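> the following comprises the amino acid sequence and a computationally predicted model.
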Amino acid sequence: MEDKKPVASMRAAELVMAGLFVAFGALVMWDSRRLGASWAEDGPQAGYFPFYIGLFIVVSAVVIIFRALNLGEKGRVAFVERGQLRMVLLVMVPTVVYAALIANPWFSLGIYLSSAIFISFFMWHLGKYRWTRIAPVSLGVAVFFFVLFEVWFKLPLPKGPIEAALGFN
Amino acid sequence: MQEIQSLMGGFAVAMSWFNLVLMLAGVTLGVLIGVLPGLGGANGVAILLPLTFTMSQQPGGATSAIILLSCIYWGALFGGAITSILFNIPGEPWSVATTFDGYPLAQKGQAGAALTSAFTSSFIGALVAVILITFISPVIARFALRFGPPEFFSVYLLTFSAFVGMSKGTPFKTIAAMMAGFALAAVGIDTVTGQLRLTFGFSELLKGFDFLIAVIGLFGIGEILLTIEEGLEFRGTKAKLNLRVVLDTWKELPKYWKTSIRSSAVGCMMGIVPGGATPASFMAYGLAKKMSRDGEEFGTGKIEGVVAPETAAHAAGTSALLPMLTLGVPGSPTAAVLLGGLLIWGLQPGPLLFVEKPDFVWGLIASMYLGNIVGLIVVLTCVPLFASILRIPFAIIAPVILVICAIGAYTVHNSIFDVWLMIVFGILGYVFKKLDYPMAPLVLALVLGDRAEDAFRQSMLGPEGSLTVFFSNPLVGTITGAALLLLFWPLISRALAIVRGRNGRGG
């Protein structure tokens, strides 16, 4: 069973996450020190509150690290299996591409066209639908949202070349 | 009975045709949100919040806006039961206990009876909680008018200590998640000194992190990732709900009045405490199992095993609005989003709200009665429709939900940067869930962070100007003391267990 192969153990995931917390907490403390984390004439300085927040993050993350090191058998359980990770990436990667298509410095498609492409890709790749099903669903959803937001709620969302050609901007 | 009079005024506000249509729309949308994977009460309300910006600027619009959003919340609470019973998928964490007996009932072909009793008990739980809100909240608000910054800070401390004291897993993960929320809340321009905090020169970070983005990412994207990990299939039982089944079930339900009362009480008490709905549902289920005559058969499909958790969860979910309205301290992530809504509409949540905006407060409370009646009717009549939505293949529903989340994130500030942030929060939500980090404390800290810090700094400005101010009078001392007790409860209970164990061996 190739799909059941663990990509990362629970212990590794716990350690990485807690490590990120330590780094984040340290960053918060460092920036708070820069602002002044002590007591001024008129009360606490701007960095006082965040400094202790950062300290709490670091301390609790260190405790989590020690607990993760002593997890024993439980730490060897898979955090994510290969098949699971593939499914997750199958959602994550298109979503990142989708966000990039909506607006980027080079050629933005706007949210409606990007959404239609995004839904089409999912239906084609995951659902194995025929184009005769994909086209009406993806275009229908995009048009529905367009009418809902641009016409009805008058909330401007990012638009691209098609909307511009139709005279909306 | 001034409350009755105020409530009648509230009904007059809530009963306009416009508001009634909003209730119907809100509840229907809410059930839909509760049924769909990746959309729950908190992020459903967060996504729709930007749509109320324009609505809230009209006269009386803030009341309409809160009616719409709170009805989405009631709908989502109802909707959670549908997926739990028909598909064995708890739509919300507090519906987990409903699956214990709800799904076996559905497998036995009694899905209709299970659904009817779930909806009816939800309604009763909510009703008890709303009655509680009607009569208790004015008293608490009047009392809280005397609160100064130290009192408010101690209430915030109590809220966050409750999370630590009641955390299921290790309290350190709760603290880490909560403090991360506070740190994210601190990002941006410091309100007191005007200094830039934690922005590291990025102009996108100047306005700070919006909790709406965090909610949509953590609860929405994270949930989708968790669902897809398990594969693409939903397998569920068919739902048929006709009048005969409803009436037959209603005839049976009064038998469980004791369970209902007990579960309502548990729910109301736990709901006021943050994060209380989920433990309340489990507690009510456990109590019913222990005290019922046929508690042995719980888990095989007993109506009573559906009544108990549903009543408690709905009572808790509703009473979570009590501290939000009276003190400005939300008891659940969804209440936190509603609180964020109040701030966006230009209302100051807290005790003054009862004095300054009685129309708003009582309109909302009256709409809770009406919204739950509307909700009960909607779910009882439309179950097959909602269940059929879950049969839409995941390959269609998942991208549509992701598109809705992206639009929701974008509309908060009209910024594409927020869509990227949402994706990052989504990955964080996925990892948090898998590693058992709680998300509610992070969201609540993100919402309340600035207010808690302001209360802290204002307390420090006074003549005392030291931490002793939090023990300077009996009131603030009691709240702070209770907070510290809750905060160290994991340690205290362990110490007690050791002492008791020693005594046991000694005698």
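Yep, that arrived. Numbering: from 1, shown residues only, chains lettered A, B, ... in the order given.
> residue of chain A nearest chain B, please.
Per C-beta to the nearest C-beta, the residue of chain A with the smallest distance to chain B is residue A:127, at 2.9 Å. C-beta here means a position set from N, CA and C on the backbone, and glycine is covered the same way.
> doesn't residue B:398 make contact with that residue?
No - using C-beta atoms under 8 Å, residue A:127 is not in contact with residue B:398, being 9.6 Å away.
> who does the least confident helix or strand in chain B by mean pLDDT touch, helix- and strand-wise?
None of the helices or strands of chain B scores lower by mean pLDDT, DSSP states H and E than helix B:489-506, at a mean of 76. Here helix B:489-506 touches helix B:149-165, going by 3 or more C-beta pairs under 8 Å, 6 or more residues apart in numbering or on different chains; DSSP states H and E.
> check the offset of the helix it packs on from the chain's centre.
18 Å (C-alpha atoms, centre = their mean, to the nearest Å).
> what about chain A, any weak spots by pLDDT?
A:1-2, A:169 (pLDDT under 70).
> biggest helix in it by residues?
In chain A, with assignment by DSSP state H, the single longest helix is helix A:10-35.
> is any residue of it near chain B?
Yes - Helix A:10-35 is in contact with chain B by C-beta under 8 Å from any C-beta of the partner chain, via A:10, A:13-14, A:17-18, A:21, A:24-25, A:27-28, A:31-32, A:35.
> just flag the most distant two among these.
A:10 and A:35 (37.6 Å; C-beta to C-beta).
> give the residue farthest from the middle of chain A.
residue A:41 (42.2 Å; C-alpha atoms, centre = their mean).
> residue contacts, the residue of chain A closest to chain B?
Taking C-beta atoms under 8 Å, 6 or more residues apart in numbering or on different chains, we find residue A:127 in contact with B:393, B:394, B:395, B:396.
> from those residues, which land in helices?
Counted as lying in helices by DSSP H, out of these, are B:394, B:395, B:396.
> could you measure from the second one over to chain A?
When C-beta to the nearest C-beta, to the nearest Å is the yardstick, residue B:395 and chain A sit 3 Å from each other.
> help me confirm that that residue comes into contact with residue A:134.
No - using C-beta under 8 Å as the test, residue B:395 is too far from residue A:134 to be in contact (10.0 Å).
> and for these two, which residues touch both?
With C-beta under 8 Å, 6+ apart, residue B:395 and residue A:134 have common neighbours residue A:123.
> all strands of chain B, in order?
Here chain B has its strands, by DSSP state E, at B:188-189, B:196-197.
> typed the wrong thing, it's chain A
A:6-9, A:39-40, A:43-44, A:78-81.
> how about those strands in CSV, adding distance to chain B?
Converted to CSV, the strands of chain A look like this (distance: least, C-beta to the nearest C-beta, whole Å):
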stretch, distance to chain B
strand A:6-9, 10
strand A:39-40, 9
strand A:43-44, 4
strand A:78-81, 6
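> where does the stretch 51-200 of chain B have low pLDDT?
Within the stretch 51-200 of chain B, the segments meeting pLDDT under 70 span B:91-92.
> show me what from it comes close to chain A.
So far as C-beta under 8 Å from any C-beta goes, the stretch 51-200 of chain B lies against chain A at B:51, B:54, B:170, B:172-173, B:175-176, B:179-180, B:182-183, B:186, B:190, B:192-193, B:195, B:197-198, B:200.
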